[in-house]
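Asks: Let's see this in three dimensions:
(2 chains)
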Amino acid sequence: MAAIVEGIGLTKRFGIGDAAVTAIDSVDIRIEERELVMIVGDSGCGKTTLISLLGCILTPDAGELRIDGDMIDPINHDLSSVRRDKIGFVFQMFHLLPYLTALENVMVAMDIAKTKEAEAEKRAIELLTRVGLSERLHHRPAQLSGGEKQRVSFTRALANRPKIIFADEPTANLDSRQSDNLMDLIEELRQEHQTTIAIVTHHEGLRENADRIIHLKDGRIISA
Amino acid sequence: MKALFLKDMRYRQARVVLTTLGITMLISLILLLGGIMNGMRIQAQQYVNSTGADIWISAEGSGGAFIGFSLLEEELMAFLGSSPGLVENSASPLIFAQARPTVNGKPTKAMVVGYTLGNLGGPKQVVEGRMFTPRKYMDYRPEDHVPYEVIVDEKMGLEIGEKITISKDEVRVVGKAKSLMFVLDTPLLFMDIRAAQRVLLENTPYINMMVAKTDSKYTPDEVAANLDAFGAIEARTLEHTLSDIMEYWVDQPMKAVQFLRVMLWLVAGLLVGMITYVTMLEKTQEIGVLKAIGASNSYVMTLLLKQVALISVIGVGIGFCLSYIFAAAAPIFVKINLVESVIVACISLIVCCGSGYLAARKGIKVDPMIAFRGEIDSTPIRNVDMPTTNVALIGN
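Replies: Below is the predicted model:
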């Protein structure tokens, strides 16, 4: 299968001089099409930094990154367009815009991608209905439960038909029932949308859903 | 979504309303102050223009007819009568002095104009009542009977036959003249020059100035230069006199107001900049999330600038309209010039949008990495620049 994301020798340091910390150290990583990958490791081992590098939010200090076959050059590449067109993000804290309804929160991702409003609304309704939120379309985040917020967040990530979705601890703020429901939904959506998904998690129970588990320790991959 | 910025504004409506209100008040104040100055200019000119005089003569060293202390002897009239360049018998003595008449027991402000009936310097007719009784003799005689009669401004609210006190003397209202206020709504009281000498100059034969018309064969400048050469007097053309009045009665005293207007502009700009900046700080995490999900810098900037522009346009627009309402309700004469106020409104808009833009620029520097931290509604201010990450490389 073709690689959706491929990083070779990825390195990321924070700080300078003696205070410099190497968060990711010469990591080689390959995530293939339609894979569901779990990235696990202790707190502070570099999981979030790794998906930030792979998701073009951070740029590596060394190494090469290819997404969907394209070499990412942080100097000459419009990284926002890469994030917009090829990547979806799901955040631990959901990060829905508080002044928008569930429907509008999904539509905003398509607005950024310059999708026509009518088309965006149609797709957002379809997606939200698919994740079981047809009755909650016009509710604001404050009116939604944690599980519902995360479903909206996942729908927003799916909205622009990304090549890969990176999810950072998506179940950390959910109870076990909500976590199980979300993982079932993610699996179903992966099959339906043929999407590649990489999830950073501490949650042991989620690992059984993964095609592959990447273990990270001190900024290095110790098993994949 | 076309209305994304509107939804955001509605969510923060209290702040939006207060900011708009702040701009509204500042702009209306800026325009109102301009209108007050404009009103002062109009009032400062209208009496001088109404006299029909071309030449204004004051004592040497006075700096001009309406500027410094000027006392002339009436005998100079004889000299003016024979001066070339002046229309025969057009020269007229004039007293123009600030007074504090008591009306119905209450002291008020007024300008007393003493002139000789039928000559330059006063109204040709009254709108109600009659003209005052002129003195009997053309020359100064201290023992003459002086009729204590006055023609008042129609807007003073005085009735014919009513009595007012100027200095120690009681004078009777015999007529009302068409309103012709001096600077800051100071009404004019017209009386015979001898009556004015009695009540204001302790019955001495002095006058403040003389006015005259120039012969059409000469230019006012030539005539003024010729009279100046005499030495004991200063002669000014109408144009020069108006310029002196503007400088002395309006521009100099209003320098502080001009300064205040500039300060108000700065405050308006600061207000918009500050609110945009604070809003941007509050929205740091939202901006980070938008950038993380692919929003470009221009998308974020447009989102912020649309809000700044809308608040500024509404604030300036309402301020513009409100200034006219304030002007109509003001206790003094305020004349807002439409062209000037449009220019002021445009400059205000530029100042507000400019400062909003400067604050919004900070917004586009937000690191999308911030999306991996905290909750949207509890964004710490220190996260704006995210010094721990390589901001320069993720600028796009």
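Asks: if I've got this straight, A:Val152 is in a helix?
Replies: Yes. Residue state for A:Val152 (DSSP: H, G, I helix; E, B strand; the rest coil) corresponds to a helix.
Asks: shouldn't it be in contact with A:His95?
Replies: No. Counting by CB atoms under 8 Å, A:Val152 stays clear of A:His95, with 10.4 Å between them. Just so you know, the C-beta spots here come from the backbone N, C-alpha and C atoms, and that holds for glycine as well.
Asks: for chain B, which spans come out with low pLDDT?
Replies: Counting by pLDDT under 70, chain B has low-confidence residues at B:2, B:136-140, B:373-396.
Asks: And the helices in it?
Replies: B:4-11, B:13-51, B:76-81, B:193-201, B:220-228, B:238-245, B:255-282, B:284-292, B:297-329, B:338-363 (DSSP state H).
Asks: any chance of these in CSV, with distance to A:Ile75 and mean neighbour count too?
Replies: As requested, those are exported to CSV (distance: least, CB to CB, whole Å; neighbours: other CB atoms under 10 Å in any protein chain shown):
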stretch, distance to A:Ile75, mean neighbour count
helix B:4-11, 31, 17
helix B:13-51, 39, 20
helix B:76-81, 86, 16
helix B:193-201, 84, 24
helix B:220-228, 72, 18
helix B:238-245, 63, 19
helix B:255-282, 27, 18
helix B:284-292, 18, 26
helix B:297-329, 16, 19
helix B:338-363, 22, 18
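Asks: Which one, of those, ends up nearest to A:Val90?
Replies: helix B:284-292 (10.6 Å; CB to CB).
Asks: angle of the closest one against helix B:297-329?
Replies: Using axes from the mean of the first three to the mean of the last three CA atoms, to 10 degrees, the inter-axis angle of helix B:284-292 relative to helix B:297-329 is 140 degrees.
Asks: and helix B:284-292, does that touch chain A?
Replies: Yes. Against chain A, helix B:284-292 shows contacts by CB under 8 Å from any CB of the partner chain at B:285-286, B:289-292.
Asks: Next up, phi/psi of the closest residue to chain A within the stretch 251-396 of chain B, please.
Replies: Closest residue of the stretch 251-396 of chain B to chain A, CB to the nearest CB: B:Gly294 (2.7 Å). Dihedral angles of B:Gly294 (phi, psi; degrees, to the nearest 10) stand at phi 110, psi 0.
Asks: give the contact list for residue 156.
Replies: By default, I'm working from chain A. A:88, A:96, A:105-106, A:108-109, B:293 (CB atoms under 8 Å, 6 or more residues apart in numbering or on different chains).
Asks: try chain B instead
Replies: Counted by CB under 8 Å, 6+ apart, B:Met156 has contacts B:103, B:187.
Asks: Count the residues that sit near the residue in chain A that chain B sits nearest to.
Replies: Residue of chain A nearest chain B, by CB to the nearest CB: A:Arg84 (2.7 Å). Counted with other CB atoms under 10 Å in any protein chain shown, residues neighbouring A:Arg84 total 24.
Asks: do A:Thr196 as well
Replies: A:Thr196 has 24 neighbouring residues, counting by other CB under 10 Å.
Asks: Residues touching the lengthiest helix in chain A, excluding its own?
Replies: Secondary structure of chain A per DSSP H: the longest helix is helix A:176-193. For helix A:176-193, the surrounding residues in contact (CB under 8 Å, 6+ apart) are A:34, A:36, A:130-132, A:145-147, A:150-151, A:154, A:158, A:161, A:167, A:170-171, A:174, A:195-197, A:199, A:203, A:205-206, A:209.
Asks: Just send the residues of helix B:284-292 next to chain A back as a markdown table, with distance to B:Lys163 too.
Replies: Output for these, formatted as a markdown table (distance: CB to CB, whole Å):
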| residue | distance to B:Lys163 |
| --- | --- |
| B:Gln285 | 76 |
| B:Glu286 | 74 |
| B:Val289 | 79 |
| B:Leu290 | 77 |
| B:Lys291 | 80 |
| B:Ala292 | 84 |
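Asks: that older thread, can I get the helices of chain B in a markdown table including distance to A:Thr11?
Replies: Converted to a markdown table, the helices of chain B look like this (distance: least, CB to CB, whole Å):
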| stretch | distance to A:Thr11 |
| --- | --- |
| helix B:4-11 | 38 |
| helix B:13-51 | 44 |
| helix B:76-81 | 98 |
| helix B:193-201 | 94 |
| helix B:220-228 | 85 |
| helix B:238-245 | 76 |
| helix B:255-282 | 32 |
| helix B:284-292 | 22 |
| helix B:297-329 | 27 |
| helix B:338-363 | 30 |
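Asks: right, and those - which one's nearest B:Gly129?
Replies: helix B:193-201 (16.0 Å).
Asks: If we go by neighbour counts, what in the longest helix of chain A is buried?
Replies: A:178-179, A:181-183, A:185-186, A:189-190, A:193 (16 or more other CB atoms under 10 Å in any protein chain shown).
Asks: Partner strands of the helix or strand following it, with direction?
Replies: Scanning forward in sequence from helix A:176-193 by DSSP states H and E, the next helix or strand is strand A:196-200. With DSSP bridges as the test, strand A:196-200 is paired with strand A:36-41 (parallel), strand A:164-168 (parallel).
Asks: the inter-axis angle of strand A:196-200 versus helix A:176-193?
Replies: In terms of direction (the same axes, to 10 degrees), strand A:196-200 departs from helix A:176-193 by 160 degrees.
Asks: Pull strand A:196-200 out as CSV, backbone CA atoms only.
Replies: This file holds the C-alpha atoms of strand A:196-200, laid out as CSV (Å, rounded to 0.1, in the frame of the first residue of the first chain):
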residue,chain,number,x,y,z
THR,A,196,-6.1,7.0,7.3
ILE,A,197,-6.1,7.7,11.1
ALA,A,198,-3.3,8.2,13.6
ILE,A,199,-4.4,8.4,17.2
VAL,A,200,-2.2,9.5,20.1
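Asks: Show me the contact partners of it.
Replies: Contacts for strand A:196-200 (CB under 8 Å, 6+ apart): A:4-5, A:31-40, A:47-48, A:50-51, A:54, A:163-170, A:186, A:190, A:206, A:210.
Asks: Tell me the gap between that strand and the middle of its chain.
Replies: Put simply, strand A:196-200 sits 6 Å off its chain's centre (CA atoms, centre = their mean, to the nearest Å).
Asks: How about stretch A:137-152?
Replies: 18 Å.
Asks: what do you get for stretch A:128-135?
Replies: 20 Å.
Asks: what does the stretch 201-350 of chain B put close to chain A?
Replies: Within the stretch 201-350 of chain B, the positions near chain A by CB under 8 Å from any CB are B:285-286, B:289-297, B:299.
Asks: my guess is B:Gln45 meets B:Ile245, correct?
Replies: Yes. With contacts counted by CB under 8 Å, B:Gln45 reaches B:Ile245, the gap being 7.1 Å.
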